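Undergrad: Quick one, fold the following:
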Amino acid sequence: MDTSFRKKNLINFYIGLLLIAVVLFYLFIPDLGDVQSEGLILIAVALFVSLFTGLRAGLFTALIILFLFGSLYFWNVVFRPADQTFLFSEATLFYYGLWLLGLVVLSGNVYEQINQLLQLNLALKEKVKRLVAIDDETGLDNESRFELELQLEIDRTNRHGESFTILLYQIDHFSEFKKLYGPDESVRFLEFFSERLHQSTRTTDKKFRLSTEEFALILPYASEENMQIILNRFKHMIGDYDISNGKTVSFTNHIAHYTVTKEAGIESPDEVLGLMRNELKSYAL
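TA: Residues are numbered from 1 along each chain as shown. The predicted structure is shown next:
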């Protein structure tokens, strides 16, 4: 918040400086003779470009303007000395160029500061989004928190060599169930599922909801040798579900797991999730 406040003050400072410079330029504008209006229009164009596209584009535009003015001036002096159109002094051309470059630099700085403030606000919004890490339907942590926790576990494993297991759990056709029986019944089922999930896992296991149908668990200190016991536990976790109208619905599930070890050389969540979804064993339960 303090950084954003300083950025806003800096933007206001540059805008004030730019306005003062424009007023001074208007009061002490160099005399370009018959091309005075054209000179003002070209400066306005350069300011517009710099203010809305950035300093680099503004400087490029300013250099083109100076090149054109300089070329026409010297061409007129050498080949058409009787034509008064461009017969202002070299000092006036230099003075005009300094004003042009100065105004472009100031307007370009305004653009850069505003752009930095926008990027800062986007970063803050993303940070807030990550902090709001609870799925409101299940009370489980959400996908953003999962990626953060998974990265921390990967880093810990690579530092200390302690393995952990990731488990992906998909409830087949849950989206269709929600459409068929409505949001109230789907919320009721998710409460039921969340309770069963907590009953089937340890308190140290971290539980997440990644999407409508997909859930994930991070199981610390769970070795590959113990996974069959865990998988058997999950096999009957839901079973038949009695909906509120008295009917019974049977859900099928798919599960995949991967044990992360230091030797595996995993560095990022995307890497391990890609392995799980594309290359590892998938269990149809």
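
Undergrad: For the stretch 101-250 of the chain, just list every one of the helices.
TA: 143-160, 174-181, 183-199, 227-235 (DSSP state H, counting those that start in this stretch).

Undergrad: export these to CSV and tack on mean neighbour count and distance to Arg6?
TA: C-beta: built from backbone N, CA, C; applies to glycine. Listed next are the helices of the stretch 101-250 of the chain as CSV, based on neighbours: other Cβ atoms under 10 Å; distance: least, Cβ to Cβ, whole Å:
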stretch, mean neighbour count, distance to Arg6
helix 143-160, 16, 28
helix 174-181, 15, 47
helix 183-199, 16, 44
helix 227-235, 14, 51
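
Undergrad: so where is the stretch 1-150 of the chain shaky, pLDDT-wise?
TA: Applying pLDDT under 70 to the stretch 1-150 of the chain flags the ranges 1-5, 80-88, 129-132.

Undergrad: In which helix or strand does Val272 reside?
TA: helix 269-278 (DSSP states H and E).

Undergrad: what's the angle between that helix and helix 143-160?
TA: Angle of helix 269-278 versus helix 143-160, following axes from the mean of the first three to the mean of the last three Cα atoms, to 10 degrees, is 100 degrees.

Undergrad: Apart from its chain neighbours, what residue comes closest to Glu147?
TA: Closest residue to Glu147 apart from its sequence neighbours, by Cβ to Cβ, 6 or more residues apart in numbering: Pro269 at 4.9 Å.

Undergrad: Can you give me the separation between that neighbour and Leu148?
TA: 9 Å (Cβ to Cβ, to the nearest Å).

Undergrad: follow-up on the earlier one: is it correct that the residue nearest to Glu147 is in contact with Ile154?
TA: Yes: at 7.2 Å, Pro269 counts as touching Ile154 under the criterion of Cβ atoms under 8 Å.

Undergrad: quick one: stretch 54-72 to chain centroid distance?
TA: For stretch 54-72, the separation from the chain centroid amounts to 34 Å (computed by Cα atoms, centre = their mean, to the nearest Å).
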